[in-house]
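Trainee: Sequence plus predicted model, see below.
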Amino acid sequence: MTTAPSALSPAAAISTAPSATTSQSIAAEYTLRGWRAGAEYLYSDSRRDYTGTVAGRPIAYDRLQRIDRLHGYLRGRHALSERISLRYGADYTRTRNHSEQTGAAPVTSDEDIANAYVGTDISFAGDRANLSASLAGEGYRIRDYRRQSILPDVSISYAPTDDHALTLGWQAFHNYPAYWYRQTYRREVDGYEVNLGNPDLRVARYNIASLNYVYRSRYAFNVYYYHVRDAFFTLLYQSPDRLELINQISNTDLSHVWVLSASVPVTIGSRWFLTFAPSAYHEHYRTEHWHDLSFDVAGWAGGMNVSSQLSLLSRPRLTFTTDGYYYSGGRQGLQKSSESWGVNAGLQLALLKEESLLIALNVNDLFERAPRR
């Protein structure tokens, strides 16, 4: 990704006045024989003013967002036997969002989300196995955009002995863009970079498969697979028409991510306790239309977290703690972050009866290297 040299990035001085926010809500719920019915109403009004200079030009603009949201629900749960129960329900949310910004036309949009589900929880094999499953139908509408989906959620766990526990799961859900992201707006960060809204943002559908294994309630090993349609995140784009770096949240057609992780505790003697948490990721992003471009990128990333507790004294109890991490750098669409690492350290001294006085000295970000975009 092309970035501007410092000579082409004039300094910006922008001040933000404290936001004036009003938020009010009211809720009511009624419960009867395994049923719950309720309603919630939220009103929020937020205003913020920006003043300053960008590239030697004075700027002044204000932003307003007003939200009216009504949510109603009906949920039930009933036991068919000691080992089998049913659950079902429906939710409906209606939101009206009104946004204004100096230099842009006011926008008012209505958003509707309706969801109905049915599920069951079953225990068997002498309570060593459990099944939880549900199926939901969800509909979504905002302006001319509509989305209807069937969303399954299944999890089965099995513990053949006290030393072994295995869980297998599959979950589907929607992730909705924030109201402000969908508005048409432009905000200058400096003389080069600008933030743009995206009224065409689509709802992201996540499908996540997981496999978790725990040995002796201490050692954990996990595998996750993410299959996401229309994931949205920030991507930077160099405008072909002007010296301008566009910062805008956009959809990616398809994302595949594998995650492998583990947690391994280690004890050295009777005073030193460590936990190693390695992780590895394979990320794949593909889209056909992004600012008249397309991309198909993939790559591996990895990391390691190590936490340590070393007992220096027993009475009074004095403990030296450290937390360190390393990350090789991963992808988010076309953007690739650089590697990063850091260490936090601390001393804890416990005094008085039952260690009721705790004195701690902590130092954060030792040797830290933050990722660069």
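Mentor: Looks like it came in fine. Numbers count the residues shown, from 1 in each chain.
Trainee: going forward, measure contacts between C-alpha atoms and count neighbours the same way
Mentor: Will do.
Trainee: Surely Ser294 and Thr287 touch.
Mentor: Yes: using CA atoms under 8 Å, Ser294 is in contact with Thr287, at 5.6 Å.
Trainee: And the two? Which one has more around it.
Mentor: Thr287 (17 against 11; other CA atoms under 10 Å).
Trainee: Correct me if wrong: the more buried one contacts Leu254.
Mentor: Yes: counting by CA under 8 Å, Thr287 does reach Leu254; the two are 6.5 Å apart.
Trainee: Alpha carbons only: can I get stretch 307-320 in CSV?
Mentor: The C-alpha trace of stretch 307-320 is given here as CSV (Å, rounded to 0.1, in the frame of the first residue of the first chain):
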residue,chain,number,x,y,z
SER,A,307,2.9,-15.5,31.7
SER,A,308,5.0,-16.2,34.7
GLN,A,309,4.7,-16.0,38.5
LEU,A,310,7.8,-16.5,40.6
SER,A,311,7.5,-16.7,44.4
LEU,A,312,10.5,-14.8,45.9
LEU,A,313,9.4,-14.9,49.5
SER,A,314,6.7,-17.0,51.4
ARG,A,315,6.4,-14.7,54.5
PRO,A,316,5.6,-12.0,53.7
ARG,A,317,4.5,-13.2,50.3
LEU,A,318,6.5,-11.5,47.6
THR,A,319,5.8,-12.4,43.9
PHE,A,320,7.5,-11.4,40.7
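Trainee: what comes up buried for it?
Mentor: Ser307, Ser308, Gln309, Leu310, Ser311, Leu318, Thr319, Phe320 (16 or more other CA atoms under 10 Å).
Trainee: show me the contacts for Ala104.
Mentor: The contact partners of Ala104, taken as CA atoms under 8 Å, 6 or more residues apart in numbering, are Thr184, Tyr185.
Trainee: Bridge partners for it, pull those for me.
Mentor: Gln101 (DSSP bridges).
Trainee: Likewise for Gln65?
Mentor: If you apply DSSP bridges, the partners that Gln65 bridges to are Ser46, Ser99.
Trainee: what separates it from Ala105, distance-wise?
Mentor: Separation of Gln65 from Ala105 (CA to CA, to the nearest Å): 13 Å.
Trainee: more crowded one of these two?
Mentor: Using other CA under 10 Å as the criterion, Gln65 and Ala105 rank with Gln65 on top: 20 against 12.
Trainee: ranges for the strands of the stretch 251-373 of the chain?
Mentor: Using DSSP state E, counting those that start in this stretch, the strands of the stretch 251-373 of the chain run over residues 272-290, 293-313, 317-327, 331-332, 335-336, 340-351, 357-369.
Trainee: Throw those strands into TSV and include distance to Ser263, thanks.
Mentor: Shown next, in TSV, are these (distance: least, CA to CA, whole Å):
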stretch	distance to Ser263
strand 272-290	5
strand 293-313	9
strand 317-327	14
strand 331-332	24
strand 335-336	26
strand 340-351	18
strand 357-369	23
